[in-house]
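Chemist: Quick one, fold the following:
(one chain, ligands or ions: 1)
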Amino acid sequence: MDPLPIAVLISGRGTNLQSLINASLQGDFPARIAVVVSNKPGVEGLVRAARAGIRTAVFDHRTYESREAFDDAVRARIDASGARLVVLAGFMRRLSPAFVAHYRDRLINIHPSLLPAFPGLDVHRRVIESGARFSGCTVHFVRAELDAGPIILQAAVPVHPGDTEASLAARVLEMEHGALPQAVRWFAEGCIRVEGERVQVDGAAPPAGVLVNPFPAQANVS
Ligand code: GRF
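Modeler: Just a heads-up that it's a prediction; the model follows:
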């Protein structure tokens, strides 16, 4: 089967984009990146794409007179590429409801928290301040509301007592780099169904065990 053409939208360093590039180099990956779109010129993600021989397009949002005009230009470029799935991988701009509706159930985002907790910006600082014992990442279909929509996949990590924003971000990012290619793979293989506002993943095994953090002392049972 031909790999599914996808578009990846970025705004910055592009390590999640890199995880998709690396996955697609593995041979059996069922998707290929048709175009990388950035709303910021000169970012590291564009260099990563160019190095991998992937087409890039820059739409500098500051040069558009409205959000809709920017979104229309991006949409036209994505559709011209033939992409059937759009991946927001560190894309830091709100998209208009019309854009989101155009790609309903074929537009996904990765967010560095366990949604619906901690949508928005400054996630890791807010997680640490809240005292939450776990954080993680979420890959989800995009809806018009910020960081909302049917959840495809989540990965959890513990929050450690001495964590800084940077140390927690690094722990979460490592999980992101596994989660995003996995979600794209499932989508491309046709394993994902949106029913109501919940996602069914055919063939995904339920995880074993229970997560506890901090781990309690072993109960003394004789
Ligand atoms: C990631 O943490 C992603 O979840 C968030 O922005 C960050 C982008 O990192 N939306 P990168 O550009 O993929 O390295």
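
Chemist: any idea where the helices of this structure begin and end?
Modeler: Secondary structure of the chain by DSSP state H: the helices cover 15-24, 44-51, 67-81, 97-102, 123-130, 165-188.

Chemist: tally of neighbours for R93?
Modeler: Applying other C-beta atoms under 10 Å, we find 16 residues neighbouring R93. (C-beta placed from N, C-alpha, C; glycine too.)

Chemist: Likewise for V221?
Modeler: Count around V221 with other C-beta under 10 Å applied: 4.

Chemist: do V37 as well
Modeler: 25.

Chemist: Not counting its neighbours along the chain, what's nearest A50?
Modeler: T56 (6.1 Å; C-beta to C-beta, 6 or more residues apart in numbering).

Chemist: Tell me how far that neighbour lies from the ligand.
Modeler: Counting by C-beta to the nearest ligand atom, to the nearest Å, the gap from T56 to the ligand is 14 Å.

Chemist: what's the spacing between that residue and V36?
Modeler: Remark: distance between T56 and V36 (C-beta to C-beta, to the nearest Å) = 5 Å.

Chemist: Spit out the contact partners of A23.
Modeler: When contacts are counted by C-beta atoms under 8 Å, 6 or more residues apart in numbering, A23 touches 29, 181, 184-185.

Chemist: can you do 7 Å?
Modeler: 29, 181 (C-beta atoms under 7 Å, 6 or more residues apart in numbering).

Chemist: now do the one 10 residues further on
Modeler: Under the criterion of C-beta under 7 Å, 6+ apart, the neighbours of I33 are 6, 8, 20-21, 24, 54.

Chemist: In terms of neighbours, single out the busier of T56 and V36.
Modeler: Just comparing T56 and V36: by other C-beta under 10 Å the higher neighbour count belongs to V36, 28 against 16.

Chemist: give me the number of residues near the residue nearest to that one when sequence neighbours are not counted?
Modeler: Counting by C-beta to C-beta, 6+ apart, V36 lies nearest to A49, which is 4.0 Å off, once chain neighbours are set aside. Using other C-beta under 10 Å as the criterion, A49 is surrounded by 25 other residues.

Chemist: Touching, A49 and V37? I think so.
Modeler: No. Contact between A49 and V37 fails when scored by C-beta atoms under 7 Å: they sit 9.6 Å apart.
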